[in-house]
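Undergrad: structure for the following, please:
(one chain, ligands or ions: 3)
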Amino acid sequence: MEIIKELPRVEVGNRFLRNLLTDCNTHGRTKHLDLNGSIECYKCNDAKIQKARDKRLKIDSQNMKALMTTKMILKGVSINKGRFSDWQYDETKNAEQRDKIAQLQQYSESINSDSPNLIILGRTGTGKTMLANAIAINLYLEKEQSLPSEFDSYNQQDFYDHTCELKTSCNIGSQARARWSKSQESEHDYLRNLAANELLIIDDLGAYDGHAKDRERIAQIINLRYKKSADLDNN
Ligand SMILES: Nc1ncnc2c1ncn2[C@@H]1O[C@H](COP(=O)(O)OP(=O)(O)O)[C@@H](O)[C@H]1O
Ligand SMILES: [Mg+2]
Ligand SMILES: [Zn+2]
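TA: Ligands and ions are numbered 1, 2, ... in the order given. Alright, predicted model coming up:
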């Protein structure tokens, strides 16, 4: 290596550090760092750091994607149960339906603490669960968008914890009852955790939950979510 110019040099004991002007295969004539005889191009070094950073960001983002999917499954939201893009329009009521679906889609993309509650009514098989799921998926995707551009996935393990839960009304009843025999979480804690979600979707409201105690539980959840958005999907 031909040293064109030796820039300021620092010595500490038998160690030294100096800047050199020399040729890099990639960057041509440019500043190099010589650390105890090991010479590196500053620009190559910057590129190496950038590459390592990009790789870390990519891994972090893959980790967060996996975390999101796991969390969605645990919370009853399914990637396969339908999205807005899968919705098929009824030829006969096209315009009206398009308008409603567009409204729901808009709703799903701007959910916050001021969002109104929503009740979806319709006969069995008309796509209520599918739409509820599509709304939930969009909220998770919106949340994903809000991740800071630089983050450490290890420190973001609770990022999706209270995003959205999709539960059937009858499931809430059975899971709440199951808490009676367990000491780790009381029924009230269970309901409070449910209510703590940014979006709570109660599917099949009124189906198989006819007991007064079941209805009381739903009322309790809605109470806990007072001034928060609770979404009700009703048959
Ligand atoms: N407009 C639609 N476009 C595409 N699939 C639909 C539509 N409506 C219903 N489905 C499908 O029909 C099935 C039943 O819908 P579902 O959402 O479970 O109905 P509901 O909850 O109202 O009883 C699901 O597989 C759903 O994806
Ligand atoms: Mg349904
Ligand atoms: Zn270089």
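Undergrad: tell me the residues of the chain that contact ligand 3?
TA: By the rule C-beta under 5 Å from the ion, the part of the chain lying against ligand 3 is 24, 26, 27, 41, 43, 44. Just so you know, the C-beta spots here come from the backbone N, C-alpha and C atoms, and that holds for glycine as well.
Undergrad: I'd like those as a markdown table, with distance to residue 219 appended.
TA: Conversion of these to a markdown table gives the following (distance: C-beta to C-beta, whole Å):
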| residue | distance to residue 219 |
| --- | --- |
| 24 | 72 |
| 26 | 69 |
| 27 | 69 |
| 41 | 69 |
| 43 | 66 |
| 44 | 66 |
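Undergrad: got the phi and psi for the residue lying closest to residue 196 once chain neighbours are set aside?
TA: Leaving out its chain neighbours, the residue that sits closest to residue 196 by C-beta to C-beta, 6 or more residues apart in numbering is residue 162, at 5.2 Å. In terms of degrees, to the nearest 10, the main-chain angles of residue 162 are phi -120, psi 40.
Undergrad: so who does residue 162 touch?
TA: Applying C-beta atoms under 8 Å, 6 or more residues apart in numbering, one finds that residue 162 lies in contact with 196, 197, 198.
Undergrad: go with 10 Å
TA: Under the criterion of C-beta atoms under 10 Å, 6 or more residues apart in numbering, the neighbours of residue 162 are 71, 75, 193, 195, 196, 197, 198, 199, 200.
Undergrad: burial of the first one, as a residue count?
TA: As a burial measure, residue 71 scores 21 neighbours (other C-beta atoms under 10 Å).
Undergrad: that one contacts residue 159, correct?
TA: Yes - Residue 71 lies in contact with residue 159 (C-beta atoms under 10 Å); the separation is 8.6 Å.
Undergrad: which neighbours do the two share?
TA: Among the neighbours of residue 71, those also in contact with residue 159 (C-beta under 10 Å, 6+ apart) are residue 143.
Undergrad: buried residues, the host helix or strand of residue 51. List them.
TA: Using DSSP states H and E, residue 51 maps to helix 42-74. Within helix 42-74, the residues scored as buried using 16 or more other C-beta atoms under 10 Å are 60, 63, 64, 67, 68, 71, 72.
Undergrad: of these, closest to ligand 1?
TA: Distances from ligand 1 to these, taken as C-beta to the nearest ligand atom, are shortest for residue 72 (16.8 Å).
Undergrad: against ligand 3, how distant is residue 73?
TA: Here residue 73 is placed at a distance of 47 Å from ligand 3 (C-beta to the ion, to the nearest Å).
Undergrad: just the pLDDT for that residue.
TA: Residue 73 carries a pLDDT score of 96 in this model.
Undergrad: who touches it in this structure?
TA: When contacts are counted by C-beta under 10 Å, 6+ apart, residue 73 touches residue 79.
Undergrad: all numbers from here: first residue = 21
TA: New numbering, starting at 21: the last item is residue 93.
Undergrad: against residue 47, how distant is it?
TA: Counting by C-beta to C-beta, to the nearest Å, the gap from residue 93 to residue 47 is 48 Å.
Undergrad: can you check residue 78 too?
TA: Note on residue 78: its distance to residue 47, by C-beta to C-beta, is 25 Å.
Undergrad: cool, thanks, signing off.
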